[in-house]
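# need a structure here:
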Amino acid sequence: MKPIETDRLILRNFRREDAAGLLAYLESPVASCFLSLTLRDMDAALAEADRRGADDAQIAVCLKDSDQLIGDLFAHPEDDTVSVGWNFNPAFSGRGYAFEAAHALFTDLFEVQGIRRLYAYVADHNLPSQKLCEQLGMRREGLFLDYISFRNDDAGQPIYENTMQYALLRREWDALCTRNSKG
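Below you'll find the predicted structure:
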């Protein structure tokens, strides 16, 4: 992918040097949807960094001044629609990095790549991601009850989560950008 720069961040392909940063937040993922990505050790993190580096849909989010990995985005295309998501190191939360990175990605997807529609799945208990979707102008399209399981209870039975779907059309993005430019 062509790197995307913001005031404080660089969005780029993953590199092998990102392994320590990946391990920092995937050793113990906060969101249950990322439990399957749990990394055991640095060897696993190196392999994951290499795997992601070969996939333009996996986007490293790094601090511009140090190139330190602080999180990641994904953008999986499905014709003129893209499934988007994010996962950030909790040590960097509360500073607006997720919004800055996702906004830059949305701008690229809509305004450069001409994508028609974006959507994201968010667990109903993941309030920070819901808030981020709304800050980005996404609207909630639906709630899927007992939609998916990422873990089992002590008896080995699946624990199902409710999942919200948020979406944003290019025309909605254009209208939002027009409103914001008028002040």
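
# Chain neighbours aside, what residue packs nearest to residue 160?
residue 146 (3.9 Å; Cβ to Cβ, 6 or more residues apart in numbering). (C-beta placed from N, C-alpha, C; glycine too.)

# secondary structure element for that neighbour?
According to DSSP states H and E, residue 146 maps onto strand 139-152.

# Show me how far that strand is from its chain's centre.
17 Å (Cα atoms, centre = their mean, to the nearest Å).

# Can you show me the helices along the protein?
According to DSSP state H, the chain carries its helices in the segments 19-26, 42-53, 97-107, 127-135, 170-181.

# Buried residues in the lowest-mean-pLDDT helix or strand in the chain, which are they?
For the chain, using mean pLDDT, DSSP states H and E, the weakest element among its helices and strands is strand 139-152, scoring a mean of 85. Using 16 or more other Cβ atoms under 10 Å as the burial criterion, the residues of strand 139-152 that qualify are residue 150.

# now swap in stretch 85-92 and tell me
For stretch 85-92, the neighbour count (16+ other Cβ under 10 Å) marks 85-89, 92 as buried.

# Low-confidence ranges, the protein, go.
Across the chain, the ranges flagged by pLDDT under 70 are 32-33, 35, 183.

# Enumerate the beta-bridge partners assigned to the residue most central in space within it.
Geometric centre of the chain, nearest residue: residue 86, 1.4 Å, by Cα atoms, centre = their mean. Assessed by DSSP bridges, residue 86 has beta-bridge partners residue 73.

# pretty sure it is in contact with residue 73, am I right?
Yes: with contact defined as Cβ atoms under 8 Å, residue 86 counts as touching residue 73 (5.1 Å).

# Report the set of residues contacting both of these two.
61, 101-102 (Cβ atoms under 8 Å, 6 or more residues apart in numbering).

# Mind giving me the PyMOL command for buried ones among the residues you listed?
Command for PyMOL that selects the buried part of the shared contacts of residue 86 and residue 73, burial taken from 16+ other Cβ under 10 Å:
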select buried, resi 61+101+102
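
# Format the shared contacts of residue 86 and residue 73 as CSV; extra columns: distance to residue 173.
Below are the shared contacts of residue 86 and residue 73 laid out as CSV (distance: Cβ to Cβ, whole Å):
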residue, distance to residue 173
61, 20
101, 16
102, 12
